[in-house]
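Novice: here you go, sequence then predicted model.
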Amino acid sequence: MTVRHGREFLAIPGPTTVPDAVLNAMHQPARDIYSDELLSLTSTCLADLKTVFQTTGDTYIYAANGHGAWEAALVNTLSRGDKVLILESGRFAVGWGEMAHKLGVEVEILPGSHHAAVKPDAVAKRLSQPDGNTFKAVLVVQVDTATGVVNDIPAIRKAISHANSDALFMVDTIASLGTMEFLMDDWGVDVSVSGSQKGLMTPPGLSFCAVGAKAKAAHQSADLTTPYWDWTARDGEEHYLKYCGTPPEHLLFGLRKGIDILLDEGLPAAWHRHALLAEATRLAVEVWCGGGALAFNIDNPAERANSITMVRTLGDITPQPILDYARSQCGVVLGIAIGEQAGQGFRIAHMGHVNAPMMFGTLSVIEMTLAALEIPHHAGGVQAAISYLAGQVPAQIQAKVVKGADEMSFAASPSQVNQQGNCCGDSGH
Ligand SMILES: *Cc1c(COP(=O)(O)O)cnc(C)c1O
């Protein structure tokens, strides 16, 4: 006996839930790769990606997953023997560094915790040492998907500048773009990389680089550059070369729709929605932690990401039964723990195409799982999430009921107004 039925809900940090509108946009015949339609698809996607990254720099689209964009960023800017500094805050920046190492780049890891954000002071201190100016680039992730940490990108930029370092600043926004503020130009980021399948709500298979002038200058002398990733080849007029071959048409149809959905909502609104759903999730987890069997992976509440929450299991409690029950009995797929945290917890994604019912559903299933498996926890996590969002999400429909309310001498409180929302048409979506 299960209560699993119908569509399985993905609460993993990528690929994330793909909106039906994106799936439908992909259901089209293939097009002539030289058609005007396809040329304009490319140019509008490249232009709108600049908006999403908040940059006037150049954008590039690769038929590749996020690792492809990692490699593109490295090979387009670096030469054999160059030295880079990796700011550790979990699995992902370290993985980017391992890739650089295999490419022939000298890699130094600034050791960090897997339970805390990168410390900008430590970055400044390392770069201020006598050999500090030998680093060609500093690499960091905005959100580390393995640990659930968010790094303070502007503060790290200040630390780099403070140390008078000339290094390129490269930021992985694969698990953060579209889910939280990222202002590439204002923050002084030289290269940003991202992917399609997380905040951008598109199937996996596309990734992006956004590149500022300083990185483009470095590109001129980079000797690691290989033809597929080469920015220069992609900068020309010829459409075919923008993808080093056939454009990944159907993924582009999907991306176009994903970006439309994001920009129609508005970046600040999307960031705010993520902040609210993330905080609701954290409040639920906080309550469950009262039982002593669970803990946040990131110790400082201010360093917990708005796209992913990593929950550790403590003592004798192992995460596999939780993952199994949620999936096989309830149809909710939670993220496994990876990297240094492998086998030590589970991850709840609140990233991309997520809304209140999706998150309430996910949180309710987790609380149900904890109860069914008799894992020590305090009940009421979901109620904490509900109470928080009820306080945060205003009723916005007073205008339409004022007249009737006056006539009925009905003093409309926000919650009373909200209950009448159905007839006013604009409340539920
Ligand atoms: C998912 C992810 C990656 C890897 O992306 P792939 O598409 O799996 O190659 C890299 N960095 C971060 C921060 C991620 O979340």
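Specialist: Received the coordinates, thanks. Numbering: from 1, shown residues only.
Novice: R234 and K242 touch, don't they?
Specialist: Yes. With contacts defined as C-beta atoms under 8 Å, R234 counts as touching K242 at a distance of 5.1 Å. In short, each C-beta sits where N, CA and C put it, glycine included.
Novice: between these two, which is the more surrounded one?
Specialist: When neighbours are counted by other C-beta atoms under 10 Å, R234 comes out ahead of the other of R234 and K242, with 22 against 19.
Novice: these two touch, right, E88 and I109?
Specialist: Yes. Taking C-beta under 8 Å as the contact criterion, E88 and I109 are neighbours in contact, 5.3 Å apart.
Novice: name the residues of the biggest helix by length in the chain that come out as buried.
Specialist: Ranked by number of residues, the top helix in the chain under DSSP state H is helix 267-289. By neighbour count, with 16 or more other C-beta atoms under 10 Å as the criterion, the buried positions of helix 267-289 are 267, 270-289.
Novice: what's the answer for stretch 41-49, then?
Specialist: Here stretch 41-49 shows L41, T42, C45, L46, D48, L49 as buried, counting by 16+ other C-beta under 10 Å.
Novice: what does stretch 122-130 give?
Specialist: Neighbour-count burial for stretch 122-130 flags V123, A124, R126, L127 (criterion: 16+ other C-beta under 10 Å).
Novice: okay, the last one: pLDDT?
Specialist: Translated: L127. For L127, the model assigns a pLDDT of 98.
Novice: and K242, what does it touch?
Specialist: With contacts defined as C-beta atoms under 8 Å, 6 or more residues apart in numbering, the neighbours of K242 are T42, L46, I61, R234, G236.
Novice: got the domain boundaries for this protein?
Specialist: Using automatic domain parsing, the domain ranges for the chain come out as 9-15+266-392, 20-264.
Novice: in JSON lines: these, plus distance to the ligand.
Specialist: Formatted as JSON lines, the domains of the chain follow (distance: least, C-beta to the nearest ligand atom, whole Å):
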{"stretch": "domain 9-15+266-392", "distance to the ligand": "5"}
{"stretch": "domain 20-264", "distance to the ligand": "2"}
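Novice: distance to T2 added to these, as TSV?
Specialist: Compiled in TSV, the domains of the chain are given as follows (distance: least, C-beta to C-beta, whole Å):
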stretch	distance to T2
domain 9-15+266-392	5
domain 20-264	25
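Novice: so who does the closest residue to H350 other than its chain neighbours touch?
Specialist: Once flanking residues are discounted, H350 sits nearest to L277: 4.6 Å by C-beta to C-beta, 6 or more residues apart in numbering. Neighbour list for L277: H350, V354, N355, A356, M359 [criterion: C-beta under 8 Å, 6+ apart].
Novice: separate out the buried members of those.
Specialist: Among these, those buried by neighbour count (16+ other C-beta under 10 Å) are H350, V354, A356, M359.
Novice: and stretch 302-314, what's buried?
Specialist: The neighbour-count check on stretch 302-314 (16+ other C-beta under 10 Å) flags E303, R304, A305, N306, S307, I308, T309, M310, V311, R312, T313 as buried.
Novice: no further questions, thank you.
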